[in-house]
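Chemist: Model the structure of this input:
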Amino acid sequence: MIEETVQITTTEGELAWVESVQRKTSCGHCVAQSSCGTSVLSKVLGRRALTLVAHNPIGARPGDRVVIGLHDDALVRGSLAVYLTPLLMMLAAALAGEALFAQANDGLVALLGLAGLALGFAWVRRFGSRAANDSRYRPVILRMAPEEFAPVHFKN
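Modeler: The predicted structure follows:
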């Protein structure tokens, strides 16, 4: 199970909206950070907090810092769906175009590949809306966070 410390922003029944306490990235420690696309995107987009909906079986309240967990298999299934499906659909469409239109030029095959990629992205969008309502892909609040993550209170 993958765990992360988050802070609860809102609750509604058995659900809680949580926000990342500190967005983690390994870009600051990588030797290739100056030539890496991920590092450049991280710098451009900044470190905005990530907000998620989590199942709240422990009854945590807004302001609490908690540990959420997501099953490994949900992460693997979701990652495969999002990353692999569009690529496979692009490859399948290009290969089908090559097989069906043996005399076709490369431009037509490339166009069919792009159409397959677009269909793959459309499938991912549909998968994402279904997964948002599927409890298998929803993180669960496991426990209260250790004291080192407790909110800091200042005296006036």
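
Chemist: CA atoms for contacts and neighbours, from now on please.
Modeler: Noted.

Chemist: Listing partners with orientation, what would you give for the longest strand anywhere in the chain?
Modeler: What stands out as the longest strand in the chain, according to DSSP state E, is strand 2-12. Sheet pairing of strand 2-12 (DSSP bridges) gives strand 15-20 (antiparallel), strand 65-70 (antiparallel).

Chemist: Any buried residues in it, and which?
Modeler: For strand 2-12, the neighbour count (16 or more other CA atoms under 10 Å) marks 4-9, 11 as buried.

Chemist: show me the contacts for the residue of the chain most remote from its centre.
Modeler: Among the C-alpha atoms of the chain, the one farthest from their average position, using CA atoms, centre = their mean, is that of residue 103, at 41.6 Å. Contact analysis of residue 103 by CA atoms under 8 Å, 6 or more residues apart in numbering lists nothing.

Chemist: quick one: it and residue 95, what's the gap?
Modeler: Going from residue 103 to residue 95 by CA to CA, to the nearest Å gives 13 Å.

Chemist: Also residue 6?
Modeler: Applying CA to CA to residue 6 and residue 95 gives a distance of 45 Å.

Chemist: same deal with residue 1?
Modeler: 38 Å.

Chemist: Also residue 5?
Modeler: Following CA to CA, the distance that separates residue 5 from residue 95 is 45 Å.

Chemist: What is the burial count for residue 95?
Modeler: By the criterion of other CA atoms under 10 Å, residue 95 has 16 neighbours.

Chemist: Am I right that it sits in a helix?
Modeler: Yes: Residue 95 forms part of a helix when assessed by DSSP: H, G, I helix; E, B strand; the rest coil.

Chemist: need the helix or strand of the chain with the lowest average pLDDT.
Modeler: Lowest mean confidence among the helices and strands of the chain (mean pLDDT, DSSP states H and E): helix 37-45, at a mean of 62.

Chemist: Now do the helix or strand following that helix against strand 65-70, angle only.
Modeler: Next helix or strand after helix 37-45 toward the C-terminus (DSSP states H and E): strand 51-55. Orientation check (axes from the mean of the first three to the mean of the last three CA atoms, to 10 degrees): strand 51-55 against strand 65-70 gives 80 degrees.
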